[in-house]
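Novice: Test case, fold it:
(one chain, ligands or ions: 1)
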Amino acid sequence: MSEQPIPFTIASFYKFVSENKLMAAKCSECGTVLLPPKPMCTNCLSTNLKWIELEGAGKLLSYTVIHIAPEQFQSMAPYTVGIVELKKGLRLPGMIRNVNPEEIKIGMNLKIDFDSSTSSQWPAWTRYFFKPL
Ligand SMILES: [Zn+2]
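Specialist: All right, here's what the predicted structure looks like:
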């Protein structure tokens with residue numbers, strides 16, 4: 001894993017997402033994985049971090065159907081936003097697509113996918129979503 005001078009920020013996270021990569025910061029001191037990335041380890045306060053690529057698959061922990069959406073998502077409403085538990089207990093919120101809201105179940109297996117059709121720039125967060133495996 002090569003160390004790169006890419007700042008450990010949300011902006012960098014989304015830049016990776018735009019390249020179809022789910023990346024997190026991993027503390028080189030204690031091994032804590034920070035998702036979303038932060039510039040300092042939340043466990044040991046070290047700034048000795050490196051980027052790691054995560055496998056974007058996990059189980060749905062909870063979800064909410066959004067009927068009244070922010071302006072930029074209004075055309076998609078109602079849509080579902082969930083929290084997905086990835087490996088090692090990492091949690092990542094995201095939109096759930098390609099499934100009817102009534103078929104969504106807690107514990108279902110989901111996989112990350114990347115939306116290359118959105119033209120919106122950072123700080124939009126529609127560039128990744130989850131879909132059923
Ligand atoms: Zn640490």
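Novice: near the ion, which residues of this structure show up?
Specialist: When proximity is defined as C-beta under 5 Å from the ion, the chain approaches the ion at 27, 29-30, 32, 41, 43-44, 46. Glycine gets a C-beta too; all of them are placed from N, C-alpha and C.
Novice: worst-scoring helix or strand of the chain, pLDDT-wise?
Specialist: Lowest by mean pLDDT, DSSP states H and E among the helices and strands of the chain is helix 10-18, with a mean of 90.
Novice: Show me what counts as buried in it.
Specialist: If you call a residue buried by 16 or more other C-beta atoms under 10 Å, then helix 10-18 has these buried ones: 12-17.
Novice: Quick check: residue 95 is in a helix.
Specialist: No: per DSSP: H, G, I helix; E, B strand; the rest coil, residue 95 lies outside any helix segment and is strand.
Novice: Can you verify my assumption that it contacts residue 129?
Specialist: Yes: the criterion here is C-beta atoms under 8 Å, and residue 95 meets it with residue 129 at 4.4 Å.
Novice: Neighbour count for those two, which is higher?
Specialist: residue 129 (22 against 19; other C-beta atoms under 10 Å).
Novice: From the ion, how far off is the more buried one?
Specialist: Plainly put, residue 129 is 30 Å away from the ion if you go by C-beta to the ion, to the nearest Å.
Novice: three-state assignment of that residue?
Specialist: Of the three states, residue 129 takes strand under three-state DSSP.
Novice: For stretch 44-52, output the C-alpha coordinates as PDB.
Specialist: In PDB, the C-alpha atoms belonging to stretch 44-52 read as follows (Å, rounded to 0.1, in the frame of the first residue of the first chain):
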ATOM      1  CA  CYS A  44      -5.300   7.100  19.200                       C
ATOM      2  CA  LEU A  45      -5.200  10.600  17.600                       C
ATOM      3  CA  SER A  46      -2.400   9.600  15.300                       C
ATOM      4  CA  THR A  47      -2.100  11.400  12.000                       C
ATOM      5  CA  ASN A  48      -0.100   8.500  10.600                       C
ATOM      6  CA  LEU A  49      -2.800   7.300   8.200                       C
ATOM      7  CA  LYS A  50      -3.000   5.600   4.800                       C
ATOM      8  CA  TRP A  51      -5.700   5.000   2.300                       C
ATOM      9  CA  ILE A  52      -7.200   1.600   1.900                       C
END
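Novice: Alright, calling it a day.
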